[in-house]
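Chemist: Output the structure for:
(chains A and B)
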Amino acid sequence: MPQIRNLNLLINPAEPRIMHVDLNSCFAMVEQQARPLLRGRPVGITNRNTEYTCVVAASYEAKRLGVKVGMNFHDARLLAPEILLVESDPPKYHHVYKILVEIMRSYSPHVTMKSIDEGIINFNGTEPVNRRPLAEIGREIKRRLHEQAGDWMTCNIGIAPNRFLAKTAAGLNKPDGLDIIDHTNLRQTLSKLGLTDLTGIAERNQARLNAVGVYTPLQFLDAPADLLKRHVFKSICGQDWYQRLRGWEVDDIEHDTKTIGRQFVMDEMRPNDETVRARLAYLCETTAVKLRYKRLAARGIFVYARYASGDYWYERHMFKSDFFTNAELLRRATLLFNRRPADGWVRELGVSCYGLSPSVQNQVSLLEEINRETWLTEAVDTVNAQFGEFTITFATSLPAKGIVKQKIPFGSTRYFELLCNQA
Amino acid sequence: MDNVTKIEKDVNIVAYYFHNRGPRLRCFPKAMEWNGKRISFTETGLVHPTKKGQRAIHVFDMTDGNADYRLEFDAQTLGWTLVSVADIGLSQNAPNKKFEFAH
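Modeler: Modelled structure (predicted):
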């Protein structure tokens, strides 16, 4: 890796060996693949089949009419009266995800899935096996996706010397594009983009760049490292951007799991205390299941509630002993939850665990009570694995069963298998 | 909202077809008998596996050109279930516009 002292770092002249594969409007496209009558029509995917929901994915037909991800149901209907809203179905997306991963892993062992619908293939070191040009491999990936997932499925492919430029290349010609960025066409490609077209540059970063006279990606590319580090980003991020834009790899890092949690926007406008506690119990159960799935134990709990008035309350506590069972998590979360101000209707609820460490579930404790609880949890997990998730559950959380549904989060595939079993 | 009607009824699949999708030859339903009617599928959307506990379920999304049908095949009991029918209102030009669902 070049040293930052070299302020005149050149554009990486290496052959592009990083491929970014991105499914086009993934959830909407999978639904259109599954249901041929939806094809060619504006489709929005929602997480709940209610009028107070938002669009979590939109088909290209809907996007052309102005529908954006995150838009609420009523706005989407105003822009596209013909839009069909379909409730998300995680097992379908999981199936397509598995096909995509299988195809990608057949070319290189260095495959990183960045989210449910996008991943990176690092071809460095696979030259003896993959002798063909990467553009040809890219076209083959598209063909295999067609064959194995369905003929409606398309993907964008970007090829570049680093992950950032590969992702940028994948976004150049949507849908179904295949583009290459290397040292020969980097300036030409950046000259056609705006600052916010770059992944990681939104309004705030744009304002920071504008403040020092940087208005285009080309000016950003030409900006000295020192300016970016000291005056724009005021951190090591400036140095990273300097290298990233020149095609040097700075994003090949894995982050450890720091927190595990769940949140839920209440399904009732005026939930009573019993209803809120049922949802809390359910969130605690699913969080504890996630903890055990990752073979972790936690010491800290963070509980928050957002009220109809817009007020936000949270309480966090780091306990002396760690925990991973459903009952213990609920007990500790309830301790914190009981301290909340009892005014107003709860609109949103969340539980999160931190202070994570590898679980000692297999270690027999000296305390008989702890052993009993651990063994009970193991027995419940075994029954649930055999007969379906939440076959045995807290009586308190029964009213929430079927209401708090597992949905696929964006940005992470860490619990994908688990989520699909619960979906 | 999408007009999905839950059915959850056992049905008979009376015709199958085979298609070379991916590396293997696969089997798909071609026609089903339900509620005294024979419905012939014109296209297969997506076939994906799911689980109910440890039971493997294969979900078939099919269409007859007027509505989308979600069928489940239970690999343990070898039975077919019609889970739901989605009518997106395209059937104005189609001969059988209205569905009458038996519950």
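
Chemist: For the rest of this, base every contact and every neighbour count on C-alpha atoms.
Modeler: Fine.

Chemist: Just give the closest residue to residue 13, not the sequence neighbours.
Modeler: All of this refers to chain A. residue A:183 (5.5 Å; C-alpha to C-alpha, 6 or more residues apart in numbering or on different chains).

Chemist: wrong one, I was asking about chain B
Modeler: That would be residue B:32: by C-alpha to C-alpha, 6+ apart, it lies 4.2 Å from residue B:13.

Chemist: isn't the one you found right up against residue B:16?
Modeler: No - counting by C-alpha atoms under 8 Å, residue B:32 stays clear of residue B:16, with 9.3 Å between them.

Chemist: who has more neighbours, the two?
Modeler: Neighbour count, other C-alpha atoms under 10 Å in any protein chain shown: between residue B:32 and residue B:16, residue B:32 has more, with 20 against 12.

Chemist: Now that one: which helix or strand?
Modeler: Here residue B:32 sits within strand B:24-34, counting by DSSP states H and E.

Chemist: Repeat that for residue B:9.
Modeler: Assigned by DSSP H and E, residue B:9 belongs to strand B:4-21.

Chemist: list the buried ones in that strand?
Modeler: B:7-8, B:10-11, B:13 (16 or more other C-alpha atoms under 10 Å in any protein chain shown).

Chemist: now the residues you listed as CSV including distance to residue A:92?
Modeler: Compiled in CSV, those are given as follows (distance: C-alpha to C-alpha, whole Å):
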residue, distance to residue A:92
B:7, 20
B:8, 19
B:10, 22
B:11, 22
B:13, 22
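
Chemist: Which two of the residues you listed have the greatest separation?
Modeler: Of all pairs drawn from these, the greatest distance, 15.7 Å, lies between B:7 and B:13 (C-alpha to C-alpha).

Chemist: hey, where'd the strands end up in the stretch 251-400 of chain A?
Modeler: A:260-265, A:296-307, A:312-323, A:346-354, A:357-358 (DSSP state E, counting those that start in this stretch).

Chemist: buried set for the third one?
Modeler: In other words, strand A:312-323. A:314, A:316-317, A:322-323.

Chemist: Name all residues that make contact with the closest residue to chain A within chain B.
Modeler: Closest to chain A within chain B is residue B:53: 3.5 Å, counting by C-alpha to the nearest C-alpha. Shown in contact with residue B:53 (C-alpha atoms under 8 Å, 6 or more residues apart in numbering or on different chains): A:384-389, A:421.

Chemist: Would you mind checking those for buried ones?
Modeler: Neighbour-count burial (16+ other C-alpha under 10 Å) applied to the contacts of residue B:53 gives A:384-385, A:388-389, A:421.

Chemist: among these, which are in reach of chain B?
Modeler: Checking those against chain B by C-alpha under 8 Å from any C-alpha of the partner chain, the ones in range are A:384-385, A:388-389, A:421.

Chemist: so where's chain A uncertain?
Modeler: Residue ranges of chain A with pLDDT under 70: A:1-8, A:402-423.

Chemist: and it, which residues reach chain B?
Modeler: For chain A, the residues in contact with chain B (C-alpha under 8 Å from any C-alpha) are A:33-37, A:49, A:84-86, A:91-92, A:95, A:144, A:147-150, A:384-389, A:420-421.

Chemist: who's in contact with residue 68?
Modeler: Went with chain A since none was named. Contacts for residue A:68 (C-alpha under 8 Å, 6+ apart) come out as A:55, A:57-58, A:76.

Chemist: The intended chain is chain B.
Modeler: Contacts of residue B:68 (C-alpha under 8 Å, 6+ apart): A:35-37, B:61-62, B:85-87.

Chemist: Indicate the residue of the stretch 301-423 of chain A located nearest to chain B.
Modeler: For the stretch 301-423 of chain A, C-alpha to the nearest C-alpha, closest residue to chain B: residue A:388, 3.5 Å.

Chemist: Would you list the phi and psi of that residue?
Modeler: Phi and psi for residue A:388, reported as degrees, to the nearest 10, are phi 110, psi 150.

Chemist: and the nearest residue to it once chain neighbours are set aside, what pLDDT?
Modeler: Closest residue in space to residue A:388, ignoring its immediate chain neighbours: residue B:53 at 3.5 Å, by C-alpha to C-alpha, 6+ apart. On pLDDT, residue B:53 comes in at 75.

Chemist: Equivalent analysis for residue B:24, please.
Modeler: pLDDT, read off for residue B:24, is 77.

Chemist: So what's the residue count around it?
Modeler: A count of neighbours around residue B:24, defined by other C-alpha under 10 Å, yields 9.

Chemist: Tell me what it is bridged to.
Modeler: Under the criterion DSSP bridges, residue B:24 forms beta bridges with residue B:21.

Chemist: roughly how far apart are the nearest residue to residue A:25 once chain neighbours are set aside and chain B?
Modeler: Excluding its sequence neighbours, the residue lying closest to residue A:25 (C-alpha to C-alpha, 6+ apart) is residue A:59, at 5.8 Å. Separation of residue A:59 from chain B (C-alpha to the nearest C-alpha, to the nearest Å): 15 Å.

Chemist: right, and residue A:59 touches residue A:39 too?
Modeler: No - using C-alpha under 8 Å, residue A:59 makes no contact with residue A:39, being 9.2 Å away.

Chemist: okay, these two: which has more neighbours?
Modeler: Comparing residue A:59 with residue A:39 by other C-alpha under 10 Å, the one with more neighbours is residue A:59, at 28 against 17.

Chemist: Spit out the contact partners of that one.
Modeler: Applying C-alpha under 8 Å, 6+ apart, one finds that residue A:59 lies in contact with A:25, A:28-29, A:41-44.

Chemist: and if we set it to 6 Å?
Modeler: Applying C-alpha atoms under 6 Å, 6 or more residues apart in numbering or on different chains, we find residue A:59 in contact with A:25, A:28, A:42-43.

Chemist: do the same with residue A:57
Modeler: Counting by C-alpha under 6 Å, 6+ apart, residue A:57 touches A:44-45, A:69.

Chemist: Of these, which belong to strands?
Modeler: Counting by DSSP state E, these place A:44-45 in strands.

Chemist: Neighbour-wise, give me the winner out of the contacts of residue A:57.
Modeler: residue A:44 (33 neighbours).

Chemist: how close does that residue get to residue A:80?
Modeler: 10 Å (C-alpha to C-alpha, to the nearest Å).

Chemist: Over to residue A:299?
Modeler: 48 Å.

Chemist: Can you give me the neighbour number for the closest residue to residue A:161 other than its chain neighbours?
Modeler: Leaving aside its sequence neighbours, residue A:161 sits nearest to residue A:16 (C-alpha to C-alpha, 6+ apart; 4.0 Å). When counting by other C-alpha under 10 Å, one arrives at 23 neighbours for residue A:16.

Chemist: Kindly provide the distance from residue A:16 to residue A:106.
Modeler: 19 Å.

Chemist: do the same with residue A:386
Modeler: Distance, residue A:386 to residue A:106, using C-alpha to C-alpha: 32 Å.

Chemist: circling back to that earlier point, hmm, the residue nearest to residue B:13 is touching residue B:14, no?
Modeler: Yes - contact criterion C-alpha atoms under 6 Å: residue B:32 and residue B:14 qualify, at 5.3 Å.

Chemist: For residue 61, what are phi and psi?
Modeler: No chain was given, so I picked chain A. Backbone torsions for residue A:61, taken as degrees, to the nearest 10, come to phi -60, psi -40.

Chemist: and what of the one 3 residues further on?
Modeler: Backbone dihedrals for residue A:64, given as degrees, to the nearest 10, come out at phi -60, psi -30.

Chemist: How about residue A:249, nearest residue that isn't a chain neighbour?
Modeler: Nearest non-adjacent residue to residue A:249, counting by C-alpha to C-alpha, 6+ apart: residue A:162, 5.1 Å away.

Chemist: burial of that neighbour, as a residue count?
Modeler: Residues near residue A:162, counting by other C-alpha under 10 Å, number 28.
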